[in-house]
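Undergrad: pasting the structure only:
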């Protein structure tokens, strides 16, 4: 006979191989399942033993189905008393496509009507409907004018193993967990003495499934109704009893031999509590060690011993919109490299970009579906490949690169004591100190359990007379020098290059990693993105201004205009501001600001985010503020607001902002337009104004004191 085993998309080839291994004569992968040739015994064995199948469907009838009448007649032609007793209950699952029958629920109703009518006519009684636990579950598929009606031999979804008592917010289906383990070669790894780890285990699905797999426990043994999955009269109960006896014998041997080599950890104590309950229910609690732990702390500061080889199986968090923090994925990759570098990893990530963010080199990649969400499964073996030894002597830096390296080291020595004294973790290390090597190199040290150094390199526009090949060579020498001095791999350098084209020199295409990392500035933890945008989310030259705001914010009503990613708002809030108002036209930047606030445990109604054109908003706002920071762009031509030119508009802007100041309030006005000229006479009509630029230029930017200018304004 031919029957069909369904599965999640992406598991088809694994399922086909599994079914053949279970004794089926042939299994051919198709969309979301496998067409199988085998006996009823083979199909029942698949119900009990398949770790990947969602359902096993044994066909009862196949017929042309151009309309709902043909559907009813085709179902009514079946000898239903041969398949169920009059007192049995019934349920129908329907899947339809095409123009003839378009509603699955209506199709299921017509199948039920036909079965009930036949049973009433033949036996004088009718079966009842029980959609949760029926005696007979039927499955209908209508496609391209053909209908296939089958018995669901498992009586329902086979991924429900029966041991799950508590589940988290986004539980992984057990058959998808099995696929992650099989792609990671867990059965072979366990047979060779390996261990298993899930450092983001949630309610424990991967760890428990791995333990049951290692213990040779048939997936169907604990399933509700597992001892009798269906009351279909064609079901071979004698053969099923023999299958159960064999499975129970294998289970007893497997559980007795199960080694305690399983570890699961999660930052959420509620998830670990759920995982423990589920492990108890599955009967594998003694073999698993659970721990409440941040993945970024894995292996840090403890003497925990790890097996020489093992598998890390993990499904890092993401939601239906694939919203996830790439920094968390990076932290996962770094923790695994540090703790179990010689292990294998099988990671089910939200998408390819999140998989890339782990920093692991994938030997294999697979596309799987977690429900409707397309995910990327990567397998890395080993997690941290040994570095290749270079033949011969290390390649020396070129003369030009050596010059840049020497200047970088000189700058670092100069800045060292200042950085240590001020606690500076993000700074400018090089700013075209050698005119031929025209680039800025900014250093970002991450605020992680094991900090990383990332570099942000921006190439300045070269004079038109410099040939492009010379420009490229100098840039490559600059990068070589930076890598040599800081000892960072290429993937930890964000490079923004300029290209010549119509309209002059401009920055080219940026990466789209979606990778955010957290850095520290004073008391604030701030999210930055070095790769995806021209700017990183943190203007380093404004560090002194932000720290000044923190010092003056105690009990102040703070207003941040043209707020960008809201770093100044975070500093004000941490400095004790009574309330904050943050205004920017960009929804992206306001979301970034919201994330920065949340990163510091700041929230609530007293911290207001406003998406608006600043000039328009100031004309209507009636609030009063004690501390205002205004750092407008040089020019803006957003489609959502009137064009803005800081030189032309600054008097009106400052007049409107000063009008919102309290009697003792202060407004700090800054911009980076190098040709900017403050209209002192006009501003003097409504404010006292003092330039404080020199006080706001930090040591690492002193080479270019014109990086920005800043004024303090108070009310007349």
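TA: Structure received. Here the structure is a predicted model, which means the values were calculated and not measured.
Undergrad: Need the contact partners of the helix or strand harbouring residue 354.
TA: According to DSSP states H and E, residue 354 maps onto helix 352-357. Helix 352-357 is contacted by residues 316, 318, 322, 324, 326-327, 329-330, 333, 347, 349, 362, 365, 376, 378, 512-515 when judged by CB atoms under 8 Å, 6 or more residues apart in numbering. Every residue, glycine included, has its C-beta placed from N, CA and C.
Undergrad: Using neighbour counts, give me the buried entries of the residues you listed.
TA: Buried subset of these (neighbour count, 16 or more other CB atoms under 10 Å): 316, 318, 324, 326-327, 329-330, 333, 347, 349, 362, 376, 378, 513-515.
Undergrad: Show me these that map onto helices.
TA: Of these, the ones assigned to helices by DSSP state H are 326, 327, 329, 330, 333.
Undergrad: Could you single out the nearest of the buried ones among the contacts of helix 352-357 to residue 310?
TA: Of all the buried ones among the contacts of helix 352-357, residue 310 sits closest to residue 347, with 14.1 Å by CB to CB.
Undergrad: that older thread, okay, the ones in helices among the buried ones among the contacts of helix 352-357 in TSV with distance to residue 34 and pLDDT next?
TA: Putting these into TSV (distance: CB to CB, whole Å; pLDDT from 0 to 100) gives the following:
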residue	distance to residue 34	pLDDT
326	35	82
327	39	83
329	32	91
330	37	88
333	34	93
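Undergrad: Now do the helices in the stretch 551-700 of the chain.
TA: 567-574, 587-599, 614-620, 646-658, 680-684, 693-696 (DSSP state H, counting those that start in this stretch).
Undergrad: pLDDT weak spots in the stretch 451-600 of the chain?
TA: By pLDDT under 70, the weakly predicted segments of the stretch 451-600 of the chain are 499-513.
Undergrad: Provide the count of other residues in contact range of residue 620.
TA: Neighbour count of residue 620, defined by other CB atoms under 10 Å: 7.
Undergrad: can you list the domain ranges for this structure.
TA: 2-152, 174-215+258-380, 399-507, 539-715 (automatic domain parsing).
Undergrad: Residue 523 is nearest to which of these?
TA: domain 539-715 (4.8 Å).
Undergrad: remind me which residues of this structure are low pLDDT?
TA: 168-170, 225-226, 300-304, 320-323, 387-395, 499-513, 639-640.
Undergrad: Geometric centre of it: which residue is closest?
TA: residue 324 (3.2 Å; CA atoms, centre = their mean).
Undergrad: these two touch, right, that residue and residue 330?
TA: No: with contact defined as CB atoms under 8 Å, residue 324 and residue 330 do not form a contacting pair (11.3 Å).
Undergrad: Give me the distance between the longest helix seen in the chain and the centre of its chain.
TA: Longest helix of the chain, by residue count under DSSP H: helix 399-422. Here helix 399-422 is found 36 Å from its chain centre; the criterion is CA atoms, centre = their mean, to the nearest Å.
Undergrad: any idea which helix or strand comes after that helix?
TA: strand 426-431.
Undergrad: got the angle for that following strand vs helix 399-422?
TA: Angle, strand 426-431 to helix 399-422, by axes from the mean of the first three to the mean of the last three CA atoms, to 10 degrees: 150 degrees.
Undergrad: strands paired with strand 426-431, and their directions?
TA: Using DSSP bridges, strand 426-431 pairs in its sheet with strand 439-445 (antiparallel).
Undergrad: after the strand it pairs with comes which helix or strand?
TA: Counting by DSSP H and E, the element after strand 439-445 in chain order, helix or strand, is strand 453-459.
Undergrad: buried stuff in that next one?
TA: Quick answer for strand 453-459 (16+ other CB under 10 Å): 454, 455, 456, 457, 458, 459.
Undergrad: Let's have those in TSV, adding distance to residue 263.
TA: Supplementary listing: those in TSV, determined by distance: CB to CB, whole Å:
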residue	distance to residue 263
454	30
455	35
456	37
457	40
458	44
459	46
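Undergrad: Mind picking the two most distant members of these?
TA: Farthest pair in the buried residues of strand 453-459, by CB to CB: 454 and 459, 17.1 Å.
Undergrad: can you give me phi and psi for residue 95?
TA: Torsion angles at residue 95 (phi, psi; degrees, to the nearest 10) stand at phi -140, psi 120.
Undergrad: Distance of the residue located most distally from the centre of the chain relative to residue 135?
TA: Ranked by distance from the centre of the chain (CA atoms, centre = their mean), the top residue is residue 124, with 57.9 Å. Going from residue 124 to residue 135 by CB to CB, to the nearest Å gives 18 Å.
Undergrad: ditto for residue 3
TA: 20 Å.
Undergrad: quick one, helices of the stretch 251-400 of the chain?
TA: Using DSSP H, counting those that start in this stretch, helices in the stretch 251-400 of the chain cover 269-282, 326-339, 352-357, 399-422.
Undergrad: Can you add distance to residue 80 and give those back as CSV?
TA: CSV is the format used below for the helices of the stretch 251-400 of the chain (distance: least, CB to CB, whole Å):
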stretch, distance to residue 80
helix 269-282, 38
helix 326-339, 53
helix 352-357, 49
helix 399-422, 82
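Undergrad: I'd like to know which of those helices is closest to residue 18.
TA: helix 269-282 (20.7 Å).
Undergrad: what packs against that closest one?
TA: When contacts are defined as 3 or more CB pairs under 8 Å, 6 or more residues apart in numbering; DSSP states H and E, helix 269-282 sits against helix 205-214, strand 262-266, strand 288-292.
Undergrad: Pick the most buried one from these.
TA: Burial of the helices and strands packed on helix 269-282 is given as mean neighbour count (mean count of other CB atoms under 10 Å); helix 205-214 ranks first at a mean of 28.
Undergrad: Report the buried residues of the strand or helix carrying residue 72.
TA: Residue 72 is part of helix 68-76, with elements assigned from DSSP H and E. Buried positions in helix 68-76, judged by neighbour count with 16+ other CB under 10 Å: 68, 70, 71, 72, 74, 75, 76.
Undergrad: need the contact list for the nearest residue to the fifth one once chain neighbours are set aside.
TA: Translated: residue 74. Spatial nearest neighbour of residue 74, chain neighbours left out: residue 63 (3.8 Å); criterion: CB to CB, 6 or more residues apart in numbering. Counting by CB under 8 Å, 6+ apart, residue 63 touches 70, 74, 77, 146, 147.
Undergrad: wait, the third one sits on residue 60?
TA: Yep, that's residue 77 we're talking about. No: Residue 77 lies out of contact with residue 60 (CB under 8 Å); the separation is 10.5 Å.
Undergrad: In stretch 3-15, which of the residues would be classed as buried?
TA: 3, 4, 5, 6, 7, 8, 10, 11, 12, 14, 15.
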